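# how does the following fold in three dimensions:
(chains A and B)
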Amino acid sequence: MTFATNHPVSREQAKVMNRFDITKRLVARLHHDEAVIGGIGYTNFDLWAAGRRPQNFYMLGSMGLAAPIALGVALAQPQRRVIALEGDGSILMQLGSLATIAGRRQKNLAVVIMDNGTYQITGGQMTSTELGADVVAVARGAGIAQSDWAADEGAFEELIDLILREDGPWLIGCRIDKEKPAETTERDPPRIRDQFMRGLGVRK
Amino acid sequence: MDEETPSRAWHEIVHDVLKRHDVRLVTYVPDNVLRPLIDAVHADPFFTAFSCAREEEAVGIVSGAWMGGLRGIVLMQTSGFATLPNAIASLAVPFQIPVLMMVSERGTLGEFNIGQSLVARTMRPVLQALAVEHHTMTRLDEVEFTLDRSITQAVATQAPCVFILSPLLTGGKVFAK
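Numbers count the residues shown, from 1 in each chain, chains lettered A, B, ... in the order given. Model (predicted):
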């Protein structure tokens, strides 16, 4: 197993970053048509704003299913790296999926959690991560040994390079601020799905 | 039908039809009636089969796999289906993803658990409200035709489809006292 922790930090020690900024940093490091599944709400709005990639899938509902959808893509295309972008409120709905991912030992899969401790899109109500729940520790406990908090933007970029190079599964926790997203995703599900399938080479 | 052909169990027919349609991924939350089918797909290297923590998760995985070019089916029991309306209404239907689902029907024809009998009554109204194609399979001689044609239709029309396995077909779960 690759040593995941480049700059070991706890949730409290991790720098509070900006979602749009680190989403752009992530997208800038994707050079091999990696698939990215954007969880509902602001997580996928900022993925949309970071640049249209045909290998991006933008969820519109089914809260909590970014990681399962990403696992499905990863199973279908084991040669492609697949990344799920998910919020703290969303992953709290589907913590069992982390155990499933761990059990599959899915090498080409990484989950990135954007944790601002709030259900931001519904008015900023607190999630349990703000009360002490640590999704990185949960992921480790579920069996995803390679789980870490990103200490800051530099550490985040190092971790992204690592997950694109070395076998997973991975989970990266990112503390983020409560800034509004840069844009809003176009809500056109068949178009999103069709472009994604063409981006993955399933359709010509 | 050729009289010399020995009759096959429902789960053997399902196993064969899934293979014929290249449905390679099977995600499930276990059920006793489904056990022979679950055992069979685990034993056959053609399939990738594993259990999930929740039925929603299983639907998410099969949805992602479809978009990546791999066909899949979700196996569950009636009470598990009751956790799915949101995933069907906000993922499978609007994104036009042919998620195949097979439900072992509890709650009827000799149910002993009142919770199962109550939750079972929500299944068909939900499917009707969402206009999701669904078939209740009661007869062994109709299993192959129903499954074969409906998988073809689901893929061709990019729409989910639910197969309900009636106790009339499977024997159901018997009250053990």
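# in the longest helix that chain A contains, what's buried?
Ranked by residue count and defined by DSSP state H, the top helix of chain A is helix A:153-165. For helix A:153-165, the neighbour count (16 or more other CB atoms under 10 Å in any protein chain shown) marks A:A155, A:F156, A:E157, A:L159, A:I160, A:L162, A:I163, A:L164 as buried. For every residue, glycine as well, the C-beta is placed using N, CA and C.
# walking through chain B, point out its strands one by one.
For chain B, the strands defined by DSSP state E cover B:23-28, B:48-51, B:71-77, B:100-104, B:133-137, B:161-165.
# ok, and what's touching stretch A:19-32?
A:36, A:42-43, A:46-47, A:49-51, A:53, A:55, A:80-81, A:83, A:85, A:112, A:114, A:116, A:150, A:153, A:156-157, A:160-161, A:164, A:174, A:176-177, A:179, A:181-182 (CB atoms under 8 Å, 6 or more residues apart in numbering or on different chains).
# so which strand or helix has the residue most central in space within chain A?
Residue closest to the average C-alpha location in chain A (CA atoms, centre = their mean): A:L85, at 2.1 Å. Using DSSP states H and E, A:L85 maps to strand A:82-87.
# how much does that strand deviate in direction from helix A:153-165?
140 degrees (axes from the mean of the first three to the mean of the last three CA atoms, to 10 degrees).
# which residues sit against the helix or strand of chain B with the lowest mean pLDDT?
Within chain B, no helix or strand scores below helix B:114-120, which has a mean of 94 by mean pLDDT, DSSP states H and E. Helix B:114-120 is contacted by residues B:T78, B:S79, B:A82, B:E105, B:R106, B:G107, B:T108, B:E111 when judged by CB under 8 Å, 6+ apart.
# coming back round to it: name the helices or strands packed onto the helix or strand just after the strand holding A:L85?
Following strand A:82-87 in sequence order, the next helix or strand is helix A:88-93 (DSSP H and E). Judged by 3 or more CB pairs under 8 Å, 6 or more residues apart in numbering or on different chains; DSSP states H and E, helix A:88-93 is in contact with strand A:109-115, helix A:135-142.
# again, 10 Å this time
helix A:42-49, helix A:66-76, strand A:82-87, strand A:109-115, strand A:118-119, helix A:135-142, strand A:170-175 (3 or more CB pairs under 10 Å, 6 or more residues apart in numbering or on different chains; DSSP states H and E).
# now the ones you listed in a markdown table, with mean pLDDT?
Output for those, formatted as a markdown table (pLDDT from 0 to 100):
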| stretch | mean pLDDT |
| --- | --- |
| helix A:42-49 | 96 |
| helix A:66-76 | 98 |
| strand A:82-87 | 98 |
| strand A:109-115 | 98 |
| strand A:118-119 | 96 |
| helix A:135-142 | 98 |
| strand A:170-175 | 98 |
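# out of the ones you listed, which is closest to chain B?
When the helices and strands packed on helix A:88-93 are compared by CB to the nearest CB, helix A:66-76 sits nearest chain B, at 2.5 Å.
# quick one: check that closest one for contact with chain B.
Yes. Using CB under 10 Å from any CB of the partner chain, helix A:66-76 reaches chain B at A:A66, A:A67, A:P68, A:I69, A:A70, A:L71, A:G72, A:V73, A:A74, A:L75, A:A76.
# give me the neighbour count for the residue lying closest to the fifth one once chain neighbours are set aside.
Okay, so that is A:A70. In this structure, A:A70 finds its nearest non-sequential neighbour in A:A84, 3.7 Å apart by CB to CB, 6 or more residues apart in numbering or on different chains. Residues contacting A:A84 under the criterion other CB atoms under 10 Å in any protein chain shown number 32.
# longest helix in chain B, by number of residues?
The single longest helix within chain B, with elements called by DSSP H, is helix B:140-157.
# got the helices and strands packed on helix A:88-93 as CSV, with distance to B:R149 columns?
Shown next, in CSV, are the helices and strands packed on helix A:88-93 (distance: least, CB to CB, whole Å):
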stretch, distance to B:R149
helix A:42-49, 36
helix A:66-76, 25
strand A:82-87, 33
strand A:109-115, 35
strand A:118-119, 44
helix A:135-142, 40
strand A:170-175, 42
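# looking at the ones you listed, spot the one closest to B:H21.
Smallest distance to B:H21 across the helices and strands packed on helix A:88-93 (CB to CB): 15.7 Å, for helix A:66-76.
# that closest one vs strand A:82-87, what angle?
Going by the same axes, to 10 degrees, helix A:66-76 makes 180 degrees with strand A:82-87.
# between helix A:66-76 and helix A:42-49, how many degrees?
On the basis of the same axes, to 10 degrees, helix A:66-76 is oriented at 60 degrees to helix A:42-49.
# so how far is stretch B:163-177 off the chain centroid?
Taking CA atoms, centre = their mean, to the nearest Å, one finds the center of stretch B:163-177 at 14 Å from the center of the full chain.
# and for stretch B:118-125?
Counting by CA atoms, centre = their mean, stretch B:118-125 comes out at 16 Å from the chain centroid.
# ok, stretch B:41-58 next?
That offset, for stretch B:41-58, works out to 12 Å (CA atoms, centre = their mean).
# same check, this time on stretch A:47-60
So, by CA atoms, centre = their mean, the centroid of stretch A:47-60 is 12 Å from its chain's centroid.
# got it, and stretch B:47-59?
Chain-centre distance of stretch B:47-59: 12 Å, with CA atoms, centre = their mean.
# output that stretch as CSV, nothing but the C-alphas.
Listed next in CSV are the C-alpha coordinates belonging to stretch B:47-59 (Å, rounded to 0.1, in the frame of the first residue of the first chain):
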residue,chain,number,x,y,z
PHE,B,47,-20.8,-12.2,-13.2
THR,B,48,-19.5,-9.5,-10.8
ALA,B,49,-21.8,-9.9,-7.8
PHE,B,50,-21.7,-8.2,-4.4
SER,B,51,-23.9,-7.0,-1.7
CYS,B,52,-24.4,-3.4,-0.8
ALA,B,53,-25.3,-1.6,2.4
ARG,B,54,-28.5,-0.1,1.0
GLU,B,55,-30.6,-0.6,-2.1
GLU,B,56,-30.1,3.0,-3.2
GLU,B,57,-26.4,2.4,-3.3
ALA,B,58,-27.0,-0.7,-5.4
VAL,B,59,-29.0,1.4,-7.9
